[in-house]
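Trainee: Got a sequence here, can you build the structure:
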Amino acid sequence: QLQLVESGGGLVQPGGSLRLSCTVTGLTVEAHGIGWFRQVPGKEREGVACISSGDGFTWYHDSVKGRFTISRDTAKNTVYLQMNSLKPDDTAVYYCAADSGSGYVCYDGSGFESWGQGTQVTVSS
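Mentor: Numbering: from 1, shown residues only. Okay, here's the model as predicted:
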């Protein structure tokens, strides 16, 4: 059964760090593009970071470049999002997703067909 489960969210002060985990069952993370996305109520979902299948090419939204890092652990079949220097604007529900294998667009999540339930990240003093 295909399942993606996010964890690691929480409340953090501005400038702090969190590491989100996306533990996957039912498919191999190395064989699929995996992405992290976020959504705030009333706003469109946006792509935060993606890692491609195979060679692990990464893409980041401009707003998180230099602060966030996406990585994967094939032994644990888990994809991580290390988030440093967090800002209040990073507050959102964060979701991970796996692509369908037919191509994807990380910016808006097109081509991602399997989604986790989300984890809340709140950056506030």
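
Trainee: what pairs with the host helix or strand of Cys96, and is each one parallel or antiparallel?
Mentor: Of the helices and strands defined by DSSP states H and E, Cys96 is found in strand 92-99. On the basis of DSSP bridges, the sheet neighbours of strand 92-99 come out as strand 34-39 (antiparallel), strand 112-115 (antiparallel), strand 119-123 (antiparallel).

Trainee: Distance from the chain centre to the longest one, please.
Mentor: In other words, strand 34-39. Remark: strand 34-39 is offset 4 Å from the chain centroid, using C-alpha atoms, centre = their mean, to the nearest Å.

Trainee: What's the first helix or strand after that strand?
Mentor: Under the assignment DSSP H and E, the closest C-terminal helix or strand after strand 34-39 is strand 46-51.

Trainee: what packs against that next one?
Mentor: For strand 46-51, the contact count by 3 or more C-beta pairs under 8 Å, 6 or more residues apart in numbering; DSSP states H and E identifies strand 34-39, strand 58-60, strand 68-73, strand 78-83 as packing neighbours. Placement of C-beta: from N, CA and C, glycine included.

Trainee: which residues are contacting the least confident helix or strand in the chain by mean pLDDT?
Mentor: Ranked by mean pLDDT, DSSP states H and E, the helix or strand of the chain with the weakest confidence is strand 112-115, at a mean of 95. When contacts are taken as C-beta atoms under 8 Å, 6 or more residues apart in numbering, the neighbours of strand 112-115 outside the stretch itself are 2, 4, 27, 33, 35, 37, 95-100, 104.
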